[in-house]
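>>> quick check, what structure comes out for this input:
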Amino acid sequence: MIVQSVVSGLVATLFLDLWQRLLATTAGIPAANWGLVGRWFVEAGRGRIFHDSIAAAPPAENEVAIGWIGHYATGIVYGFVYVILIVVVLGGEPTLVNGLVFGAVSALVPWFFFMPAMGAGRLGRNTPDPRRACLLAFLSHCAFGLGLAAGAILAA
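Next up is the predicted model:
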């Protein structure tokens, strides 16, 4: 189950990255700024979780690398949560349907934790277009959820 969870999380994070690349190529929507995410991880390690604007925080050494590592580590954590929930708690098997549902529900995390932590506010209210920010987070998490299932199925 450990290997299945790790593979699930890695494949899901790769799905998310490919989804963001597709959006950038086809719609001009930029991918996440992993440097700012890395800056947030550094600040969180110093005890500061919520920011008015993470971009206003002082740059951190190696923040881009830290952001990418944190991004994939978070994906692996989600892999464990997904596999344990589906297999152990619910007694089922990973499927694209339950992966998609898990991903859709997991959009609550950016809406109510990560957007506020980065300074975008709950449901992206501090962004220029909160509905767009929420929709992009939702669709990204749906892609991520499909990746969780695909990775778990692949590693089973």
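
>>> helix, strand, or coil at the residue of the chain most remote from its centre?
In the chain, the residue that sits farthest from the middle, by C-alpha atoms, centre = their mean, is G91; the gap is 25.1 Å. Using DSSP: H, G, I helix; E, B strand; the rest coil, the three-state assignment for G91 comes out as coil.

>>> equivalent analysis for E61, please.
coil.

>>> got the phi and psi for it?
Here is the backbone geometry of E61 (degrees, to the nearest 10): phi -60, psi 130.

>>> measure it to R39 for me?
According to C-beta to C-beta, to the nearest Å, E61 and R39 sit 10 Å apart. No exception for glycine: its C-beta is placed from N, CA and C like everyone else's.

>>> neighbour count: those two, which is higher?
Set E61 next to R39 and count neighbours by other C-beta atoms under 10 Å: R39 wins out with 23 against 8.

>>> so that one is in contact with A56, correct?
No. Here R39 does not reach A56: they are 10.1 Å apart, not a contact under C-beta atoms under 8 Å.

>>> and S5, how far from N98?
In terms of C-beta to C-beta, S5 sits 15 Å off from N98.

>>> for these two, indicate the residue with more neighbours.
Legend: neighbour count by other C-beta under 10 Å for S5 and N98, higher for S5 (23 against 19).

>>> where in this protein is pLDDT low?
Nowhere does the chain drop to pLDDT under 70.

>>> so where do the helices sit in it?
Taking DSSP state H as the criterion, the chain contains helices spanning 2-27, 34-45, 63-83, 96-106, 108-109, 115-118, 130-155.
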